[in-house]
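Participant: From the sequence below, what's the structure:
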Amino acid sequence: MEESKDLKKLNLNRKKTLLLGTISNYGATFISIIVGLISVPIGLNYFGPILYGIWIIIGSILAYLRISDFGISLSTLTLISQTPKPSHQRIILRRSLGLFLVISICSISIIFIINYLFPGWGNILGKIPSNLQEEAIRATFWIGILTLVQLPLNTFLSAFSGLQQVYWNRIYGIFCSISALIALIMTILVRGNLVHLAIFTGLGSLLVKIISGIHLFIANPKIRPRFTEKVIDAPSTSYLFTSGIRFLILQIAVLIIWNTDNLVISHYLGPKMVTSYAVTFKLFSMGITVTNAVTQVLWPMYGQALGLGDWKWIKKTYNRCVSILVIIGGLIWIGGIIFSKIIINLWVGPIGYGGLTVVFALGGYAYLSSFGGSNASLINGLNPKNIVVVFGLIEAAINLGISLILVRPLGIGGVALGTLIASLAINSWFGPLYIQRQTKKKVSLKIQPILKHTFFIVIPGVIFAIIINLYLFNELIQIILGVAIIVLYLILSWKIMPVDLKSFSKNIFIEVYNHSKTFLVRNNKGYQI
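Facilitator: Below is the predicted model of the structure:
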């Protein structure tokens, strides 16, 4: 009877964590989309396509600079989620902060040395016009320094996620997005350049992360580091670092896929073409964040379930997650092909549209990401082994190689195809097989419904979307037929969905509605929830 009560309480906590985490993630996604919808046309209008393209390139370089955390943030998240002992969590956090402090100091020193000894390092940004090189270099330098200063503070957001409080991680992500928009507005108000934008952006993000640390220690006093505390069986600094290295290499693979495209385009086609590709990619990346909103919440939950040995919950949740998210992924692919040109033209103008090849490839990548992301969240919760790292690097190498081969004959479309082909070559099969092998068949994917949905619903939908894009030039007719295809896609997807998944989906919608209703009622009465 006692075990039944404990199980009921655990399942209730899981529902609450998943619900709050998913709602906050979708809230963050919505805010991020709104910020993007506002900031991209403002920035493009103020700086112009060349300078704005340079800012995007700087962002790509900055993404690589963030890997100087050696994957320790993600390792901290996973290890904290896997241990229920506050003493272990404190030790993990303390050792993570210590490692980050050393890395931050060393990295900043290296940046200053490189800037002093090699003043021509700005060539890595690509074909930057000579009159804009100094501005681009100074902007990259200052936002790089401010990013490295923040390294130790990233631990606080990882700790929130590890403590099953992913919603706070996402809420502070919202604040970072808003601070970036404020930085852009401040730059325009002072009639500044990219250097001003870099400094304002870096300072805004720094302030948000300082606040997140204060909040973490006030709300979770049990996790405050005690510098004299010793716990013999807690993860050592070397284990934290070694575990982080695997996440680091996976981060590098993702960075190559998400950011190297901009550098390839900059070097071969110039920064103006970066703008067209990046704006189109941003539209699809917004769709990818919709699926990531769920998988990011599940990552620490999988880690916690692993620590409890609850394989039944892991298997059930994993299969449900994949089945639902591939439906969303197919919606992004089909809808992106039909509506992306119309949306981008209204959003920033024709300069931002990358063409049919780009939207086809990036839409396909978004679909594969909905499948691969579901696998990746469980793999990360299990703490990935070296073989995951190897295949992550293989995907990155395929992406880069094909992009370099196709960029000259096909332009930015060739770069996008490199991203799609690389993902198809690895993510379509590796994740499920690895999970089945790593869990000794305790967790396996029911693949038949996924294949049925892909070949009989998604692919025909994509074909019809391409036909509409190629042969219908009247936007109103495109919209009407596009909406009809989307509605038909959703009806067919629901029709072939397994009965238990339909019931689960209905219950989720009911719980979200009830939670929202309770929230509104209590707040109208002046209560806190």
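
Participant: residues contacting Leu306?
Facilitator: Gln82, Ile314, Gly381, Leu382 (Cβ atoms under 8 Å, 6 or more residues apart in numbering). Just so you know, the C-beta spots here come from the backbone N, C-alpha and C atoms, and that holds for glycine as well.

Participant: Contacts for the helix or strand harbouring Tyr434 next, please.
Facilitator: If you go by DSSP states H and E, Tyr434 is part of helix 430-438. Under the criterion Cβ under 8 Å, 6+ apart, residues 318, 371-372, 374-376, 378-379, 382, 385, 387-388, 391, 443-445, 447 lie in contact with helix 430-438.

Participant: The same query, at a cut-off of 7 Å, please.
Facilitator: The contact list for helix 430-438 (Cβ atoms under 7 Å, 6 or more residues apart in numbering) reads 372, 375-376, 378-379, 382, 387-388, 391, 443-445, 447.

Participant: now do stretch 313-329
Facilitator: Here stretch 313-329 has contacts from 290-291, 294-295, 298, 302, 305, 366-367, 369-371, 374, 378, 442-443, 445-446, 449-450, 453, 493, 501, 504-505, using Cβ under 7 Å, 6+ apart.

Participant: Let me see the mean pLDDT of that stretch.
Facilitator: The pLDDT scores in stretch 313-329 average 92.

Participant: quick one on the thing from earlier: from the contacts of Leu306, which ones fall inside helices?
Facilitator: Per DSSP state H, helices hold the following members of the contacts of Leu306: Gln82, Ile314, Gly381.

Participant: gap between the second one and Gly372?
Facilitator: Using Cβ to Cβ, to the nearest Å, Ile314 is found at 18 Å from Gly372.

Participant: now stretch 480-495, how far from the centre of its chain.
Facilitator: 27 Å (Cα atoms, centre = their mean, to the nearest Å).

Participant: quick revisit: among the contacts of stretch 313-329, which ones are buried?
Facilitator: 290-291, 294-295, 298, 302, 305, 366-367, 369-371, 374, 378, 443, 445, 449-450, 453, 493, 501, 505 (16 or more other Cβ atoms under 10 Å).

Participant: picking up where we left off before, pull out the buried residues from the contacts of helix 430-438.
Facilitator: Gly372, Asn375, Ala376, Leu378, Ile379, Leu382, Val388, Phe391, Val443, Leu445.

Participant: Name the nearest residue to the second one, sequence neighbours excluded.
Facilitator: In this case it means Asn375. Gly431 (2.7 Å; Cβ to Cβ, 6 or more residues apart in numbering).

Participant: quick one: pLDDT of that neighbour?
Facilitator: Looking at Gly431, the pLDDT reads 92.

Participant: Kindly provide the distance from it to Gln438.
Facilitator: In terms of Cβ to Cβ, Gly431 sits 10 Å off from Gln438.

Participant: okay, the two: which has more neighbours?
Facilitator: Counted by other Cβ atoms under 10 Å, Gly431 and Gln438 do not tie: Gly431 has more neighbours, with 23 against 18.

Participant: Ser423 contacts Gly363, doesn't it?
Facilitator: No: the pair Ser423 / Gly363 is not scored as a contact, 11.8 Å apart, by Cβ atoms under 7 Å.

Participant: neighbour count winner among these two?
Facilitator: Gly363 (27 against 23).

Participant: tell me which element Ser238 is part of?
Facilitator: Assigned by DSSP H and E, Ser238 falls in helix 237-269.

Participant: Show me what secondary structure element comes after that helix.
Facilitator: That would be, after helix 237-269 and using DSSP H and E, helix 271-308.

Participant: List the buried residues of that next one.
Facilitator: Buried residues in helix 271-308 (16+ other Cβ under 10 Å): 271-306.

Participant: Narrow the buried ones among the contacts of helix 430-438 to those in strands?
Facilitator: In strands, defined here by DSSP state E, there are no members of these.

Participant: Closest to Phe241 out of the residues you listed?
Facilitator: Closest approach to Phe241 among those (Cβ to Cβ): Val388, at 17.9 Å.

Participant: Please name the residues that touch that closest one.
Facilitator: So Val388 contacts Leu250, Ile379, Tyr434 (Cβ under 7 Å, 6+ apart).

Participant: I'd like these laid out as JSON lines, including distance to Leu74 and pLDDT.
Facilitator: Below are these laid out as JSON lines (distance: Cβ to Cβ, whole Å; pLDDT from 0 to 100):
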{"residue": "Leu250", "distance to Leu74": "8", "pLDDT": "71"}
{"residue": "Ile379", "distance to Leu74": "12", "pLDDT": "87"}
{"residue": "Tyr434", "distance to Leu74": "18", "pLDDT": "92"}
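
Participant: per-residue confidence at Val521?
Facilitator: 50.

Participant: I misspoke; the intended subject was Arg246.
Facilitator: Looking at Arg246, the pLDDT reads 72.

Participant: That one against Val390, yeah?
Facilitator: No: with contacts counted by Cβ under 7 Å, Arg246 stays clear of Val390, the gap being 10.4 Å.

Participant: can you map out the helices along the stretch 101-250 of the chain?
Facilitator: 133-149, 154-162, 166-189, 194-219, 237-269 (DSSP state H, counting those that start in this stretch).

Participant: Can you report how many residues lie near Leu490?
Facilitator: 14.

Participant: ok, now Pro498?
Facilitator: Pro498 has 13 nearby residues by other Cβ under 10 Å.

Participant: give me every residue that touches it.
Facilitator: Counting by Cβ under 7 Å, 6+ apart, Pro498 has contacts Pro449.
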